[in-house]
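Trainee: Quick one, structure for this:
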Amino acid sequence: MATFHFRKWSSTPVITNNLKLITKLQNFDSYSAKKSVLGYIINLTDSALNDTYNLKIYYRTMENGAWSFAGEINSLSTSYGTRSFKKMFTIPIKNVTNFQLQIKGRTKGTVAINDITILYRKIRDITESNL
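Mentor: Residues are numbered from 1 along each chain as shown. Predicted structure coming up:
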């Protein structure tokens with residue numbers, strides 16, 4: 001017999017030193033097509049000046065592969081609201097069929113990750129053509 005646990009959502013802000021969010025493994029609608037991952041965009045919202053966060057972003061290209069460091073996002077002490085953090089890789093991650101992001105870090109206050117976008121392009125097949 002299965003055991004179910006119900007929990008009530010609390011909107012009370014908390015401090016956590018061990019936030020860990022992992023996206024699903026993306027194949028971008030085509031498992032076999034090779035892609036170049038150009039970067040990512042993370043949109044988040046903090047609602048007060050004393051809301052803080054320090055987030056480290058990692059990526060991997062295989063389900064059980066090792067995580068590689070991709071960047072870091074830190075709170076601004078001078079303002080709050082919705083922000084968009086765009087990170088373009090200096091050298092695109094080429095010839096991948098899958099891609100996954102992991103966000104780890106520390107938050108204090110009301111910090112919400114609204115959207116995560118992965119920027120990529122499909123690599124064209126090179127075929128010969130006789131004219």
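
Trainee: Please count neighbours and contacts with C-alpha atoms only from this point.
Mentor: Noted.

Trainee: For the most centrally placed residue in the chain, which non-adjacent residue is closest in space?
Mentor: Geometric centre of the chain, nearest residue: Leu101, 4.3 Å, by CA atoms, centre = their mean. Counting by CA to CA, 6 or more residues apart in numbering, Tyr59 is the residue found nearest to Leu101 once chain neighbours are left out, at 4.5 Å.

Trainee: can you pull up the bridge partners for that neighbour?
Mentor: Ser68, Leu101 (DSSP bridges).

Trainee: My guess is it contacts Gln102. True?
Mentor: Yes - between Tyr59 and Gln102 there is a contact under CA atoms under 8 Å: 6.1 Å.

Trainee: if we can go back for a sec, got a list of what the residue nearest to the centre of the chain touches?
Mentor: Contact partners of Leu101, counting by CA atoms under 8 Å, 6 or more residues apart in numbering, are Ile22, Thr23, Lys24, Ile57, Tyr58, Tyr59, Arg60.

Trainee: Which members of those residues are classed as buried?
Mentor: Using 16 or more other CA atoms under 10 Å as the burial test, those include Ile57, Tyr58, Tyr59, Arg60 as buried.

Trainee: Cross-check the contact I'm expecting between Asp51 and Ala112.
Mentor: No - with contact defined as CA under 8 Å, Asp51 does not count as touching Ala112 (10.6 Å).

Trainee: the strands in the chain, which residues?
Mentor: Applying DSSP state E to the chain gives strands spanning 14-22, 35-46, 52-60, 68-74, 81-96, 100-109, 111-122.

Trainee: Between strand 111-122 and the third one, find me the angle.
Mentor: Spelled out, that is strand 52-60. 30 degrees (axes from the mean of the first three to the mean of the last three CA atoms, to 10 degrees).

Trainee: Show me what strand 52-60 is packed against.
Mentor: Where contact means 3 or more CA pairs under 8 Å, 6 or more residues apart in numbering; DSSP states H and E, strand 52-60 is packed against strand 68-74, strand 100-109.

Trainee: circling back: what is the nearest of the contacts of Leu101 to Gly39?
Mentor: Comparing these against Gly39 with CA to CA places Tyr59 closest, at 10.4 Å.

Trainee: Many thanks, have a good one.
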